[in-house]
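> Quick one, structure for this:
(chains A, B and C)
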Amino acid sequence: MRRLSSALFLLGLGLLVAAIFQTMKFGNVAPIAGQAINAVAAQQVGAANFVTAVVLGYRGFDTLLELTILFTAATAGGLVLGKPRAGASHDPDSGFILRAGADLFFPLLLVVGLYIILHGHLTPGGGFQGGVILASAFFIPILARPGTTMDHRLVSMIEGLAGASFILIGLLAMLDGKEFLTPLLDKGELGALLSAGSLPLLYIAVGLKVGSELAGLLARLSETEAID
Amino acid sequence: MDTGLILYTAAFGLILIGSAGIVLSTHLVRIIFGIALLEAGANLLLLLATFREGSPAPIIVGGRVPATMADPVPQALVLTAIVIGVGILALALSLALRVQRAYGTLDIREVRQRLEQDIVDEAGIELPSSSDAPQAMVSRQEGQA
Amino acid sequence: MELLVLFIVVVMLCSAVAVLLLKDFLAALAAFSVVSLGLSVLFVILRAPDVAMTEAAIGAGLSSLLFALALRRLGLWRIKGQT
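This next block holds a predicted model:
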């Protein structure tokens, strides 16, 4: 009975989605808002990467809400997992290759992650991608040496400070009489590293926050005891 | 067959396979896989909605500005959606760990039965179930025999 | 170009079906990574390099890592020679 009703539901869902697809055109849509943004983004925001201009400039508030959602998910995940028991069993020791490889990977991943974060307004990249790479950079040494714990207090402090600085930079715009999260500072030259005003600073805050959050969550997940 | 049809079929197929995974599976981890597939399909659909043939990516390289560029707004939305998806996945996996710790199994039928049993034991009430449920049928047959 | 898109889409859909049908959870995780990677290539073809980089880093990287850790802790993936 359950399978029959599930199959009927899927059939209905498939027909509904197919009906939606019939009305969509492909390849010749006129993007109204997108065209308007593409025309003025270079002068107004000064970022060469228009997606960055949209994410941090025109839709900056959505990014703030996304950071909130990520924070809630990571905190709730950590709460649900609970504190690990003292003296809990962990994985056996990994070999020499894994340890040496992890020691080699750590500086490489750090450099790549920071590069992607800092050049987010010039090339594809930005805070989220670079933050994920930073999180793996800080997690791989823990994976290679089972039993070492991460300093959760430091990670939480970095995460809190990064999130607070994002909001602070947004609030600074209000002191000038503009709206929340308006890009500040000088626009600079298009394509240079120091351009697009406060956008690189915002992306650095986002990258640090996402990186520390995900690293803390992964460490928490790897510290829980295996269930036998 | 043109590219548009193929890509729409891909998004459609991923959404359908993800939904089938959620609805038809009995193991909690497979349901979580289904959620992840559904999200991937939805992100692909969102990006397909405003694709223009022959327009390059919305990034200015080397100072040359092309005439028409791709739409940056759905790209920003999909960026957000992918990151939120991984947050949801992390929370779902943590909850699955807790479910196993509490009930010892990940089969949702057993978890549901034990959950109902726990509620009945705690509150001291009888759960209304259909007269065709296996326990009720057995007790009815024993009552008749 | 069409042939490339067709090939990637076919591989992606077959892997998506394999995620749900494979008994071994580690193999299902590998198939899920294939879906993620195929999606990332499709995003590049759709002129969205930012989204492609995010999908590659998060879908094929972090998501698979989360699943692998959870599978170890749930006891669904045991290494031989370990109690």
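> okay, CA-based contacts and neighbour counts for the rest of this
OK.
> Show me which residues of chain C are close to chain A?
Contact residues, chain C versus chain A (Cα under 8 Å from any Cα of the partner chain): C:49-50, C:53-54, C:57-58, C:62, C:66, C:69-70, C:72-75, C:82.
> filter these down to the ones close to chain B.
Within the residues of chain C next to chain A, those near chain B by Cα under 8 Å from any Cα are C:49-50, C:54, C:58, C:62, C:66, C:70, C:73-74.
> Narrow the residues you listed to those in helices?
Those of these mapping onto helices are C:49-50, C:54, C:66, C:70, C:73-74, per DSSP state H.
> Can you check these and name whichever has the most neighbours?
C:D50 (27 neighbours; other Cα atoms under 10 Å in any protein chain shown).
> Please name the residues that touch that one.
A:51, A:124-125, B:75, B:79 (Cα atoms under 8 Å, 6 or more residues apart in numbering or on different chains).
> Please identify which of the residues you listed is nearest to chain C.
A:P124 (4.8 Å; Cα to the nearest Cα).
> how much space between the closest residue to that closest one other than its chain neighbours and B:T26?
The shortest distance from A:P124 to any residue other than its chain neighbours is 4.8 Å, reached at C:D50 (Cα to Cα, 6 or more residues apart in numbering or on different chains). C:D50 is 36 Å from B:T26, where distance means Cα to Cα, to the nearest Å.
> what residues does the helix or strand where B:E116 lies touch?
B:E116 belongs to helix B:108-123 when assigned by DSSP states H and E. When contacts are defined by Cα under 8 Å, 6+ apart, helix B:108-123 is touched by residues B:26-28, B:103, B:105, B:126-127.
> which among these end up buried?
Among the contacts of helix B:108-123, those classed as buried by neighbour count (16 or more other Cα atoms under 10 Å in any protein chain shown) are B:28, B:105.
> Could I get the contacts of helix B:108-123 in JSON lines, plus columns for pLDDT, secondary structure and distance to chain C?
Listed next are these as JSON lines, based on pLDDT from 0 to 100; DSSP: H, G, I helix; E, B strand; the rest coil; distance: Cα to the nearest Cα, whole Å:
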{"residue": "B:T26", "pLDDT": "89", "secondary structure": "coil", "distance to chain C": "11"}
{"residue": "B:H27", "pLDDT": "92", "secondary structure": "strand", "distance to chain C": "10"}
{"residue": "B:L28", "pLDDT": "93", "secondary structure": "helix", "distance to chain C": "11"}
{"residue": "B:Y103", "pLDDT": "87", "secondary structure": "helix", "distance to chain C": "12"}
{"residue": "B:T105", "pLDDT": "87", "secondary structure": "coil", "distance to chain C": "10"}
{"residue": "B:E126", "pLDDT": "70", "secondary structure": "coil", "distance to chain C": "33"}
{"residue": "B:L127", "pLDDT": "67", "secondary structure": "coil", "distance to chain C": "31"}
